[in-house]
Every structure is written in structure tokens, then in C-alpha cells.
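# Turn this into a model:
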Amino acid sequence: MPQTIKTQEIWLYLHFPLLAIDAEFKESKERLSQYPQAVITQGQKTQYIYCCNDAAKQFGIQAQMSLSTAITLCPELQMRIRNNKKERLYFEQLTFIAYNFSPELIIYQNIGLSIELSNCKKLYGSYSKLLKQLEEQLKEKCSQVFTGVGHNSLTARLSIKRGFHTQIPKNKELIRQLYSIKLNQLNLKCSQKNSLKHLGIITVGDFLTLPSTSTYRRFDSEILSKISLLTTQNDLQERYTEPKKFKDTLENPDGFYSKEDLYKPMKILLARLQKYLRTHQVNCIKIYWQFSPMQGQPKSMVIKLSHPCHGSDIFFTLSRLQLERLNLPNSIERIVLYSTEFIINTNENLDFFLTKKYIKKVHFLDQVTAKLGTDSIYQPCFQAEYLPEKANLSADICSPKTLSGRHLPLQPLWLTNTPLRLQN
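A predicted model of the protein is given here:
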């Protein structure tokens, strides 16, 4: 039986140098402008620039510069304080975009990620088409994306270049890139770096051209293991595991002043949820909304379906109906959509009782419940109306009636017990 030849892995490293800028200015109108922008952070004594865009760099502003110096160079500088939680959430959204192209991901310190492409080449037809679609989706959320290519994730990360790769280099070019990697980029001790520099070994190619017997005798196992990570063909690092939850946020510093203004951002969030459900082949049965004003407590609402689905239309209809009963502040600045209620998407055609007519009735009941509320949908309880303490009580219209024993018609007192059957 012939053995199958394993395809050589191709890893693409994605680096987001302006992740903090994109996370802070992503939904505001300022992001679309060319004004100088910067994210600041607190140091031991003073505040300094953590990250800035190209427009700010034209004024001479750089990272690690003090805030007072930056304002002196550019009084019109738009600043935001760095928010680690918001930045981490934004990076999760970028990770999900890459996860749509390949399930094999490796995260690097929440600032970059590596994606394996060789198993997805046939799906897109060629590497160029795959890279083009990936770039288009990332550029919608990122100001800048730098990439690197290699046969493993470490080589791809150390071979990073400014700009986005539109083609995968040939094998000879990848080997040349590997040999040109400088050894001081590896996580080595200062003494080890100085020893290599003293011997004139600057790049990986300088080290690999040495006889193997001399390298094993001259250098310790730590240096050899670090360099072997660059030459290994199959990357054994831990892969990224998608969390079993969905959470996304939209912000508008100018605020949403009416419920109708909330419809568009709600549709955007629900469309992202629908894409998440289809990618993971699951259905959703419950979602959570949170509307946060600039000042004050946020308002929340829960949308629950009687039957799970993966479409966004029914969720938006129920959300719009229930939003009419929710008292909101005058201005909403932040909208959050969250869900963990997922069900595996099985083949619904195997269920003979799950017809379109039945689903339509179920969705209609959900719309009535969202419009009126669960507290308003009640019926009088006549099961124990003869008891004074239970008179004029209400019962849920959906609560099933519990009957003990076989149902019997009304009978006189002398026939309360069931007569025995006559036996021949």
C-alpha cells in the first residue's frame, strides 16, 4: 500500500503594530480620518506614548515619548488611554477572522498570531486567492498588518517584513530567509549571544554551515535546541483553541439617541454572530444584550428562542420587539452582544416533526412573548378555584397540566371508586 507524502507546512505570521490604536478608535469617525492619533499609558512618574499612527509620526511623535513632549510637537493630537481589556477583546476578533481561514493557529503574546496555510490551499484554489481574501477582511479592522512566511511559526515570526504578503515565496527563497535570520533575535542569554558574536557567527546560516561535530562539542544543548526550533518541519507548539463563547462590542463616542439608531449596530453584531455560528456549525438558543451609557448603569435584556437557530433575522426581530419595552438612557455609547448557549447543528431533516409550519408557530409565540413580556402572558387558574387560598390566581399559559391517574368524568359520591369489572 503506497504511503501518502505529508505536505510541507507553510506558516504565515500576522503582526498588528497598531492594535492599540485600532482597538480605541475602531468605531469612531476619527478612525477614518488622517488626524494624528496616539494611545498613552501610565509610567512610574509620567504618562508616555505607547503607540501612534503614521500621521502622528510625521510630527516627530514616537513610542516611549513623554506625553508633554508629544503635545508640544502636535497640539491637535487625539489621545486615548490604553485599555488592556478592550485591546484583548479586539485581538480575539482578529483571531476569529484568521480562524475562518485555517483552524491551526498559534497565538504569540496577544500581539500576533501564526496561521498554517498548506491544508487550506485546495479550498481556495491557490495561496494568492487565500491571502487576498484574508487581507481584505483584516484591513477592514486593522490599520496595518505585517506578515512573515516560513516552514514553522517561529521562522515566520522572525522573518516578518513590513507589508502584507500577496504570494508565498518558493522553497529556495524560504531557505534563504531562514539562513539570513540573525541569532540575536532568538531568546538566548547575553553570554551566549556574546560568545556567538565573538566567533563571528551572526546568522542562522553561519551556524548551520559549521560541521555538526564541532557544534555539538563547542555549544551547549540550550543553543542547539533553540536553533533546532527554526529548522524543524512540523511545528509542535500548542494550537489555539476557540473559546465556547461569543462576545462582540460596538462603540460610538457620539452616542445613539434613539432606539431606531440602535437597529443598525445591532444588525452588525447579529451578522457577526451568524458568521460565528456557521463557522462552528452550531445553533444558538439565547443571547444577551447590554446597552451602556456614557454615565450611569447599563441596561440589559435577554432574548431566548423556543427552538435554536443560526440565523440573525429572528434574533433581530425579537430584539427589536423587546427593545420597545426597555427603558433606556438618553444616549447609548456602547453595545455588547454575548452568548454561550450553543447547540450542535444536527441534520434537521431527520426530525419528521420539525416542519416549517411548526417552526413558524414557535417563532410567532416568541415574538408575542418579546412584545408583551412573560409576565403579561398568563391565564386564570381554574384547577383549584374552589379553594379560597387559591382563588383568582394566575398560571403560566405554557405550564403543562399535571394529571394524576386516569381521567374520569364527574360521578356521584357513591361512585367515586371505580367499579370492578364483571368476570365470566
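# C-alpha from now on. contacts and neighbour counts both.
OK.
# Shouldn't residue 34 be within a helix?
No: secondary structure of residue 34 (DSSP: H, G, I helix; E, B strand; the rest coil): coil, not part of a helix.
# Next one: it, what pLDDT does it get?
Residue 34 is assigned a predicted lDDT (pLDDT) of 75.
# Neighbours of it, how many?
11 (other CA atoms under 10 Å).
# which residues touch the residue lying closest to it once chain neighbours are set aside?
Leaving aside its chain neighbours, residue 34 sits nearest to residue 55 (6.4 Å; criterion: CA to CA, 6 or more residues apart in numbering). By CA atoms under 8 Å, 6 or more residues apart in numbering, residue 55 lies in contact with 34-37.
# Would you agree residue 333 falls within a strand?
Yes: using three-state DSSP, the assignment for residue 333 is a strand.
# That one contacts residue 258, doesn't it?
No: counting by CA atoms under 8 Å, residue 333 does not reach residue 258; the two are 11.5 Å apart.
# which of those two has more neighbours?
residue 333 (17 against 13).
# List the residues that contact the more buried one.
Counting by CA under 8 Å, 6+ apart, residue 333 makes contact with 251-256, 291-294.
# I'd like those residues as TSV, with distance to residue 69 appended.
Converted to TSV, these look like this (distance: CA to CA, whole Å):
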residue	distance to residue 69
251	30
252	29
253	27
254	29
255	32
256	35
291	38
292	35
293	33
294	30
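# and the two most separated of those?
In terms of CA to CA, these reach their longest pairwise distance at 254 and 291, which sit 14.4 Å apart.
# neighbour-wise, which of the two wins?
residue 291 (19 against 12).
# Go ahead and report the secondary structure state at the more buried one.
Assignment for residue 291 (three-state DSSP): strand.
# does it really touch residue 298, like I thought?
Yes: in this structure, residue 291 is within contact of residue 298 by CA under 8 Å, at 5.4 Å.
# How many residues are close by residue 10?
Burial of residue 10 is recorded as 22 neighbouring residues (other CA under 10 Å).
# in which helix or strand would I find residue 279?
Assigned by DSSP states H and E, residue 279 belongs to helix 263-280.
# Quick one: distance of that helix to the chain centre.
From the chain centre to the centre of helix 263-280 is a distance of 11 Å (CA atoms, centre = their mean, to the nearest Å).
# And the contacts of that helix?
100, 246, 248-250, 283-284, 310-312, 315-316, 320, 335, 337.
# from the residues you listed, which would you call buried?
246, 248-250, 283-284, 310-312, 315-316, 320, 335, 337 (16 or more other CA atoms under 10 Å).
# Just put these in a markdown table and tack on secondary structure.
Converted to a markdown table, the buried ones among the contacts of helix 263-280 look like this (three-state DSSP):
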| residue | secondary structure |
| --- | --- |
| 246 | strand |
| 248 | strand |
| 249 | strand |
| 250 | strand |
| 283 | strand |
| 284 | strand |
| 310 | coil |
| 311 | coil |
| 312 | coil |
| 315 | helix |
| 316 | helix |
| 320 | helix |
| 335 | strand |
| 337 | strand |
